[in-house]
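Visitor: 3D, please:
(one chain, ligands or ions: 2)
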Amino acid sequence: MTRNSESPLKQRQKRFSGHSEQVRYRRGVVVGVRRVCRSVTVQCHTVTVHCDCPACPRAPVLGLSCPRAPVLGDPCLSVLVLACRAVKRIIVRMGCVDISPYRGFCGALVSLFKWVPVIVISAIVSWSYYAYVAELCIKNVESDVVKVIFLVGYHIVITLFLASYWRTVWTRPGDIPKRFRLTADELDSVEGSEDAEVQKRLLEQIVIDKDLPVVMRTIQGAVRYCEKCAIVKPDRAHHCSVCGTCVLKMDHHCPWVNNCVAFNNYKFFVLFLLYGQLYCLYVALTSLKYFLQFWKDVCTAGGGHGQFHILFLFFVSSMFSISLMSLLGYHIHLVLNNRTTLEAFRSPVFRRGPDKEGFSLGRRANLAEVFGDEVWSLLLPVFSSFGDGLTFPQRFSDDAELGCGPGPGTNLRQGEAGLATIT
Ligand SMILES: [Zn+2]
Ligand SMILES: [Zn+2]
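Guide: Residues are numbered from 1 along each chain as shown. Ligands and ions are numbered 1, 2, ... in the order given. Just a heads-up that it's a prediction; the model follows:
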């Protein structure tokens, strides 16, 4: 078959080099990033990326949409393509392509396995909904007034609880902006120098040249950078080994939400704990009377099918209420002190040295940092935290410490000074 007799689809096959950089490894870790993809093959409407570089943002994605995609005439094929793209988007969002070092089918299986805790929580909440609404309220509460009160209160609490939970699960925790990335030359020069002092000076120079707003340092006094992501770490950002990337103001990686809890979803996470606690208490307290009544029946004559639902409903809600109480209390303590879970274990280090209270602005201002200062949005699962996740007001400015600034407490954001009570 001659070239000209190939099908139109085959004729559309092209090659181009969208990226032509190479990756340099040292002991299995990306250190030199002459990244990214070596070659990209365009096959009609999809792109297959031939790259095994974990640092390459396009590398793990097979079947990327091609910017030069031709319009397909066949409606069936178009529907198929749209369906494939939708599935790909869901898979990408579920993290199936983000997992390092797993790739392909194994990566997808590992990612799907990580959704098991989310599925378990969803199943428990679904069952509790049936048990509370159908078995308790509809079948066993006799008074219509009490029934309506129970149901209205229950639906308000469960709506707030589920909204907070799903926003924690589906909100991207905090991507690092591109300007924090080191170029291949910068990384080569930093990694290439054996002398720690030279490396420290190079990183300081990079921060000055790029005008990066970083005030935190390592315990050795150097600018913090992540060699896995090849970035200068913004203040309070950390590398998550589960997500395989650095995230802004990282608190911790939570398997129950299969997501990092970080700058963008920390408020949702605290609300999830708060409304989870409220949900469990509400269910436990409103079912207590019926629980005691059925407990007596079970002990004397053996309970029916529906009675066991109510007995378990009380046990499960009480158990979760107790376990959530300590976690909620701990995170309220962290919010009031403007600390992340990681910072509670290891104090943030500034040029002046480690300072556990470095970001604390007083309880009211600390609360406003996470929940905002608008009363209507305080307890709703909408994003209202202050700032951009890159810079944070500090108790003391390093400049003030070095004698260049106006003094302690002056590093607050505009408009926050009135809220802050400097401790
Ligand atoms: Zn990283
Ligand atoms: Zn994570």
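Visitor: Look at stretch 239-256 and report the distance between its end residues.
Guide: End-to-end distance of stretch 239-256 (Cα to Cα, to the nearest Å): 19 Å.
Visitor: how about stretch 181-198: buried residues?
Guide: 181-182, 184, 186-191 (16 or more other Cβ atoms under 10 Å). Backbone N, C-alpha and C define where each C-beta goes, glycine included.
Visitor: swap in stretch 123-130?
Guide: Neighbour-count burial for stretch 123-130, counted by 16+ other Cβ under 10 Å, picks out S128.
Visitor: circling back to that earlier point, out of the buried residues of stretch 181-198, which are inside helices?
Guide: Secondary structure assignment by DSSP state H places 184, 186-191 of the buried residues of stretch 181-198 in helices.
Visitor: ok so, going back, which of the buried residues of stretch 181-198 sits closest to ligand 2?
Guide: Distances from ligand 2 to the buried residues of stretch 181-198, taken as Cβ to the ion, are shortest for R181 (19.1 Å).
Visitor: Surely the closest one touches P234?
Guide: No: using Cβ atoms under 8 Å, R181 is not in contact with P234, being 11.6 Å away.
Visitor: Which single one of the ones in helices among the buried residues of stretch 181-198 is nearest to R224?
Guide: Checking these against R224 with Cβ to Cβ, the nearest one is V190 at 12.3 Å.
Visitor: tell me which element the residue nearest to the closest one when sequence neighbours are not counted is part of?
Guide: Of all residues not flanking V190 in the chain, L202 sits nearest, at 5.3 Å (Cβ to Cβ, 6 or more residues apart in numbering). If you go by DSSP states H and E, L202 is part of helix 196-210.
Visitor: Can you give the contact residues for that helix?
Guide: Identification of contacts with helix 196-210 by Cβ atoms under 8 Å, 6 or more residues apart in numbering yields 179-180, 182, 186, 189-190, 193, 212, 214, 220-223, 225, 232.
Visitor: mind running it again at 7 Å?
Guide: 179, 182, 186, 189-190, 193, 214, 220-223, 225, 232 (Cβ atoms under 7 Å, 6 or more residues apart in numbering).
Visitor: I'd like the average pLDDT over that helix.
Guide: In this model, helix 196-210 has an average pLDDT of 91.
Visitor: So for that helix, what gets flagged as buried?
Guide: For helix 196-210, the neighbour count (16+ other Cβ under 10 Å) marks 199-200, 202-203, 206-207, 210 as buried.
Visitor: What count of nearby residues applies to V141?
Guide: Close neighbours of V141, defined as other Cβ atoms under 10 Å, add up to 19.
Visitor: Touching, it and K147? I think so.
Guide: Yes: V141 lies in contact with K147 (Cβ atoms under 7 Å); the separation is 4.6 Å.
Visitor: Next SSE downstream of the helix holding L202?
Guide: Downstream of helix 196-210, the next assigned helix or strand under DSSP H and E is strand 225-226.
Visitor: What pairs with that following strand, parallel or antiparallel?
Guide: strand 231-232 (antiparallel) (DSSP bridges).
Visitor: so after the helix or strand C84 falls within, what's the next helix or strand?
Guide: Taking DSSP H and E as the criterion, C84 maps to helix 75-93. Per DSSP H and E, the first helix or strand lying C-terminal to helix 75-93 is helix 104-114.
Visitor: Convert the C-alpha atoms of that following helix to PDB, please.
Guide: Extracted C-alpha coordinates of helix 104-114, given in PDB (Å, rounded to 0.1, in the frame of the first residue of the first chain):
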ATOM      1  CA  GLY A 104      -0.100   2.600  34.200                       C
ATOM      2  CA  PHE A 105      -2.400  -0.200  35.400                       C
ATOM      3  CA  CYS A 106      -0.700  -0.600  38.800                       C
ATOM      4  CA  GLY A 107      -0.900   3.200  39.400                       C
ATOM      5  CA  ALA A 108      -4.600   3.100  38.600                       C
ATOM      6  CA  LEU A 109      -5.200   0.100  41.000                       C
ATOM      7  CA  VAL A 110      -3.300   1.800  43.800                       C
ATOM      8  CA  SER A 111      -5.200   5.000  43.300                       C
ATOM      9  CA  LEU A 112      -8.600   3.200  43.200                       C
ATOM     10  CA  PHE A 113      -7.600   1.400  46.400                       C
ATOM     11  CA  LYS A 114      -7.000   4.800  48.100                       C
END
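Visitor: Any buried residues in it, and which?
Guide: 107-108, 111, 114.
Visitor: what angle separates the very next helix or strand once past that helix from helix 104-114?
Guide: Downstream of helix 104-114, the next assigned helix or strand under DSSP H and E is helix 116-129. Relative orientation of helix 116-129 versus helix 104-114 (axes from the mean of the first three to the mean of the last three Cα atoms, to 10 degrees): 40 degrees.
Visitor: Using CSV, write out every CA atom in helix 116-129.
Guide: Provided in CSV are the C-alpha atoms of helix 116-129 (Å, rounded to 0.1, in the frame of the first residue of the first chain):
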residue,chain,number,x,y,z
VAL,A,116,-11.8,2.8,49.8
PRO,A,117,-12.0,5.0,53.0
VAL,A,118,-14.1,7.5,51.1
ILE,A,119,-16.4,4.7,49.9
VAL,A,120,-16.6,3.3,53.5
ILE,A,121,-17.6,6.8,54.9
SER,A,122,-20.1,7.3,52.1
ALA,A,123,-21.6,3.8,52.7
ILE,A,124,-21.9,4.4,56.5
VAL,A,125,-23.6,7.8,55.9
SER,A,126,-26.0,6.3,53.3
TRP,A,127,-26.9,3.5,55.7
SER,A,128,-27.3,6.0,58.6
TYR,A,129,-29.6,8.1,56.4
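Visitor: quick one: average confidence on it?
Guide: The predicted model gives helix 116-129 an average pLDDT of 96.
Visitor: same thing with stretch 213-226?
Guide: For stretch 213-226, the mean pLDDT works out to 92.
Visitor: which residues sit against that stretch?
Guide: By Cβ under 7 Å, 6+ apart, stretch 213-226 touches 182, 196, 199-200, 203-204, 207, 231-235, 239, 246, 348-351, 390-391, 398.
Visitor: likewise stretch 260-280?
Guide: Residues outside stretch 260-280 that contact it (Cβ under 7 Å, 6+ apart): 157-158, 160-161, 164-165, 167-168, 171-174, 240, 243, 247-254, 259, 317, 320-321, 324-325, 327-328, 331, 335, 370-371, 379, 381, 383-385, 389.
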